[in-house]
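Student: Fold the following for me, if possible:
(2 chains)
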Amino acid sequence: DIQMTQSPPSLSASVGDRVTITCRASQGISNSLAWYQQAPGKVPKLLIYAASTLQSGVPSRFSGSGSGTDFTLSISSLQPEDVATYFCQRYNSAPLTFGPGTKVDIK
Amino acid sequence: QVQLVESGGGMVQPGGSLRLSCAASGFPFSGYAMHWVRQAPGKGLEWVAYIQYDGNNKYYADSVQGRFTISRDNSKNTLYLQMNSLRTEDTAVYLCAKTGRSGWFSEYWGQGTLVTVSS
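Tutor: Predicted coordinates:
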């Protein structure tokens, strides 16, 4: 099975900082990669699919890039409401796999 | 708007069974594949099962293969997860999710139902 890793496991940044999270697949998955945000006590919310397509309603400060095995999620200017755990997921075939998550806090 | 409402969770002893339901509304249910995803307390997300829009194709995580069965009733706009031979490690919040139009990503999520397996 294809494994997904994320780095860093957690980060702390100041409001207004640019934040970048990396997701890596153990094999190539083309662009079949989604990013989800899970705020504390909430259910996951889709941010990005097809590696770089912003879901409707998601603020434009979020962006995604990558293809094959290496992907990134960027937040151009971190806001207090962005405190959450971020998960990547490959969806090219079953079994679908989530990354372990990256917890983002405000410094 | 899209609504997904899970039910059927609760406490069960190891080896027991439960059936979860997910009532869908706000979209053409019969036109979309669906997932079950679970999250153990304080842990990450684990994909559990997938069912094609018409029920003809189903896939499972290795951890539940042979014990869980995903199904759907398109006439009732409802998704199900039959869970048998439950283990303590199955304790989690179970969430149903609607796939996207262009792929198997989870576009919308329900609020989840808690399953606790304990003696």
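Student: Next, count neighbours for the residue in chain B that chain A sits nearest to.
Tutor: Per Cβ to the nearest Cβ, residue B:59 is where chain B lies closest to chain A, at 3.5 Å. For the C-beta atoms, the positions are set from N, CA and C on the backbone; glycine is no exception. Residues near residue B:59, counting by other Cβ atoms under 10 Å in any protein chain shown, number 19.
Student: Name all residues that make contact with it.
Tutor: Contact analysis of residue B:59 by Cβ atoms under 8 Å, 6 or more residues apart in numbering or on different chains lists A:94, A:95, B:49, B:50.
Student: how about low-confidence regions in chain A?
Tutor: Residue ranges of chain A with pLDDT under 70: none are present.
Student: residues from it in reach of chain B?
Tutor: A:1, A:32, A:34, A:36, A:38, A:43-46, A:49-50, A:55, A:85, A:87, A:89, A:91-92, A:94-101 (Cβ under 8 Å from any Cβ of the partner chain).
Student: can you tell me the helix or strand for the residue most central in space within chain B?
Tutor: Here the mean C-alpha position of chain B is nearest to the C-alpha of residue B:36 (Cα atoms, centre = their mean), at a distance of 2.9 Å. Here residue B:36, judged by DSSP states H and E, is contained in strand B:34-39.
Student: and that strand, average pLDDT?
Tutor: Averaging pLDDT along strand B:34-39 gives 98.
Student: So what are the sheet partners of that strand and their directions?
Tutor: Strand B:34-39 pairs in its sheet with strand B:45-51 (antiparallel), strand B:92-100 (antiparallel), by DSSP bridges.
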